[in-house]
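Asker: Coordinates only, no sequence provided:
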């Protein structure tokens, strides 16, 4: 008898309406939470990709020898910038203008910046023990406008010492 009474109460229309009202109240909160988690995840993804791009570019710039194009890696501006762009897998909008490359000598004096659009920058004379610095900047813009996260630039700077400059022949 108890079970019969319970099933008869559920059939009344008031219980269905109450569930719909509760769902209507809880849904915006749940969606806001879900979209907030997604936006913060995107922000962290962009931050991580910018940091990895600067690390990969400075690793390429401090490598010994010549690249696949036959140019020295340490002052191949286009190659360094392409190494940064390739490490993002085109998931963020990163262009060569968002990447700056500079060199510092052993005494901390500025040895120049890599400004060439393609190929080697002939104005830069770099020696062993110089430090190369790569700064990568990207902009985070939210997709969902309900979340109050402002648009912000994300920047990462990586520095590495060029341990040696050798002209290794290609086999």
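Answerer: Looks like it arrived, so ask away. Source: prediction; values computed, not measured. Numbering: from 1, shown residues only.
Asker: what comes up buried for the helix or strand containing residue 100?
Answerer: In this assignment (DSSP states H and E), residue 100 forms part of strand 99-104. Buried residues in strand 99-104, counting neighbours by 16 or more other CB atoms under 10 Å, are found at 99-104. C-betas here are computed from N, CA, C, even on glycine.
Asker: same deal with stretch 128-146?
Answerer: So for stretch 128-146, counting by 16+ other CB under 10 Å, buried means 130-138, 140, 142.
Asker: Throw the buried residues of strand 99-104 into a markdown table and include distance to residue 164 and pLDDT, thanks.
Answerer: Shown next, in a markdown table, are the buried residues of strand 99-104 (distance: CB to CB, whole Å; pLDDT from 0 to 100):
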| residue | distance to residue 164 | pLDDT |
| --- | --- | --- |
| 99 | 24 | 95 |
| 100 | 24 | 94 |
| 101 | 19 | 93 |
| 102 | 20 | 92 |
| 103 | 15 | 91 |
| 104 | 17 | 92 |
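Asker: low-scoring stretches of the chain, by residue?
Answerer: Within the chain, the ranges that satisfy pLDDT under 70 run 1-14, 116-122, 165-171.
Asker: Check the secondary structure at residue 134 for me.
Answerer: strand (DSSP: H, G, I helix; E, B strand; the rest coil).
Asker: Show me what the longest helix belonging to the chain packs onto, helices and strands only.
Answerer: Scanning the chain for the helix with the most residues, using DSSP state H, yields helix 13-61. Helices and strands touching helix 13-61, by 3 or more CB pairs under 8 Å, 6 or more residues apart in numbering; DSSP states H and E, are helix 77-86, strand 99-104, strand 131-140, strand 152-161.
Asker: got the ones you listed as a markdown table, with distance to residue 44 columns?
Answerer: Converted to a markdown table, the helices and strands packed on helix 13-61 look like this (distance: least, CB to CB, whole Å):
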| stretch | distance to residue 44 |
| --- | --- |
| helix 77-86 | 19 |
| strand 99-104 | 21 |
| strand 131-140 | 10 |
| strand 152-161 | 10 |
